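Student: give me a model of this one.
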Amino acid sequence: MSTATPTRTHDDADAGRREAIGLFLGFLGVVMFGGTLPFTKLAVGELSPWFITIGRAAAAGLLALATIALTRAPRPKRVDILPLVVSGAFLIIGFPALMTTALKQVPAIHGAIVIGVLPLATVVAAAILLGERPSRAFWGYAILGALSVVAYALTRGGLAVHVHDLLLLGSVACAASGYAIAGRLSRQMRGWAVISWSLVLLLPVNLPLAVWLAPADPGAVSASAWTGFAYVSVFSMFLGFFAWNAGLAMGGVARVSQTQLLQTFVSLAIAVPLLGERLDAHALFFASAVVVIVFLGRRARVG
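Tutor: Numbers count the residues shown, from 1 in each chain. Below is the predicted model of the structure:
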């Protein structure tokens, strides 16, 4: 009896530390992902949506190939090849293709608000694909967080339902499914290895397509558009997943995914200096409310 309690206490402390680190890594990934929509909007004015989608995957794939070679990362098991390809198809092709196409017609802030439902979609994907069983309290906080983002959109009148919103919601479905699969893979592989191998496995297709889709005169494209392309290639498509996948593995997909409720407001904050968007007290109020909801949701049980 005397040794059982300290063991449980030690195990609980270790679990708490892993969860805290997972949440921090998830938030770090969210900060990097938060720049995706503003920087994509910066690029899509002069570069085609398909070149941005395939080109950023090819550029990140080359970085991943170099990382794997330098670290001598072990090859994935045969049983993991298909999940890596499927996760990559969702996150590397599906999500950016739908999102970038939508951003040709709608503002970055509009896109950020619609994609704000991604954390709830990720919980649903985790429950379906991974068998995670969030408690009723957790579901309540997740739904409340999503509703707060929707409420922000409705109070601004920026959530008109049209084809571009459907594209954005399709990108949400792709990202949620990809995150869930990547989170499961990250339990047995390092987070950076998951996204790296997904990128490398798709590189033989993406690289020649990127060359074919590249602008005929790259010099005619402005430096700001290339900056946007570089950001989504290096940070959105590569480095962000290093932190994000590791966070999902350490803290649990359903729980860590809730930090992504903040991504909408990170995007708004980046859009202010980058695109001249206006961030007012109204948006800050909703951002503060979401922070509270995420904190409360963190304390709810996830099975």
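Student: what are the ranges of the helices in the stretch 201-303 of the chain?
Tutor: Ranges of helices within the stretch 201-303 of the chain are 223-231, 240-251, 253-257, 263-275, 281-298, based on DSSP state H, counting those that start in this stretch.
Student: angle of the longest helix anywhere in the chain against helix 281-298?
Tutor: Taking DSSP state H as the criterion, the chain has its longest helix at helix 4-34. Calculated by axes from the mean of the first three to the mean of the last three C-alpha atoms, to 10 degrees, helix 4-34 forms an angle of 150 degrees with helix 281-298.
Student: and the next helix or strand past helix 4-34?
Tutor: From helix 4-34 onward toward the C-terminus, using DSSP states H and E, the following helix or strand is helix 36-44.
Student: find the centremost residue of the protein, please.
Tutor: Phe33 (5.7 Å; C-alpha atoms, centre = their mean).
Student: that residue touches Trp244, doesn't it?
Tutor: Yes - counting by C-beta atoms under 8 Å, Trp244 is a contact partner of Phe33 at 7.2 Å. From N, CA and C alone the C-beta is placed, and that goes for glycine too.
Student: where are the low-confidence patches of the stretch 201-303 of the chain?
Tutor: 254, 298-303 (pLDDT under 70).
Student: go again with 80.
Tutor: 245-246, 248-249, 252-255, 257-258, 260-261, 277-280, 282-284, 286-287, 290-303 (pLDDT under 80).
Student: coming back round to it: right, so the helices of the stretch 201-303 of the chain: which one is the most enclosed?
Tutor: helix 253-257 (a mean of 29; mean count of other C-beta atoms under 10 Å).
Student: buried set for stretch 95-113?
Tutor: Within stretch 95-113, the residues that count as buried by 16 or more other C-beta atoms under 10 Å are 95-103, 106, 108-113.
Student: looking at those, which are in helices?
Tutor: 95-103, 108-113.
Student: quick one: which of those residues is nearest Ala64?
Tutor: Ala64 lies nearest to Pro96 out of those, by C-beta to C-beta, at 15.7 Å.
Student: so that closest one sits against Thr53, correct?
Tutor: Yes - counting by C-beta under 8 Å, Thr53 is a contact partner of Pro96 at 4.5 Å.
Student: quick check: Ala64 vs Leu207, distance?
Tutor: Applying C-beta to C-beta, to the nearest Å, the value for Ala64 to Leu207 is 12 Å.
Student: picking that back up, which other helices and strands contact the longest helix of the chain?
Tutor: helix 240-251, helix 253-257, helix 263-275 (3 or more C-beta pairs under 8 Å, 6 or more residues apart in numbering; DSSP states H and E).
Student: so Leu201 makes contact with Val85?
Tutor: Yes - applying C-beta under 8 Å as the test, Leu201 and Val85 come out as touching, 5.5 Å apart.
Student: picking up where we left off before, nearest to Tyr141, of the helices of the stretch 201-303 of the chain?
Tutor: Nearest to Tyr141, of all these, is helix 281-298, at 3.5 Å by C-beta to C-beta.
Student: just the CA atoms of the closest one, as PDB, please.
Tutor: The C-alpha trace of helix 281-298 is given here as PDB (Å, rounded to 0.1, in the frame of the first residue of the first chain):
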ATOM      1  CA  ALA A 281     -11.700  45.600 -29.500                       C
ATOM      2  CA  HIS A 282     -14.600  43.500 -30.800                       C
ATOM      3  CA  ALA A 283     -12.200  40.800 -32.200                       C
ATOM      4  CA  LEU A 284     -10.000  41.000 -29.100                       C
ATOM      5  CA  PHE A 285     -13.100  40.400 -26.900                       C
ATOM      6  CA  PHE A 286     -13.800  37.200 -28.800                       C
ATOM      7  CA  ALA A 287     -10.200  36.200 -28.700                       C
ATOM      8  CA  SER A 288     -10.200  36.500 -24.900                       C
ATOM      9  CA  ALA A 289     -13.400  34.500 -24.700                       C
ATOM     10  CA  VAL A 290     -11.800  31.700 -26.700                       C
ATOM     11  CA  VAL A 291      -8.700  31.600 -24.500                       C
ATOM     12  CA  VAL A 292     -10.900  31.100 -21.500                       C
ATOM     13  CA  ILE A 293     -12.900  28.300 -23.300                       C
ATOM     14  CA  VAL A 294      -9.700  26.500 -24.300                       C
ATOM     15  CA  PHE A 295      -8.400  26.700 -20.700                       C
ATOM     16  CA  LEU A 296     -11.600  25.200 -19.300                       C
ATOM     17  CA  GLY A 297     -11.700  22.600 -22.100                       C
ATOM     18  CA  ARG A 298      -8.100  21.600 -21.100                       C
END
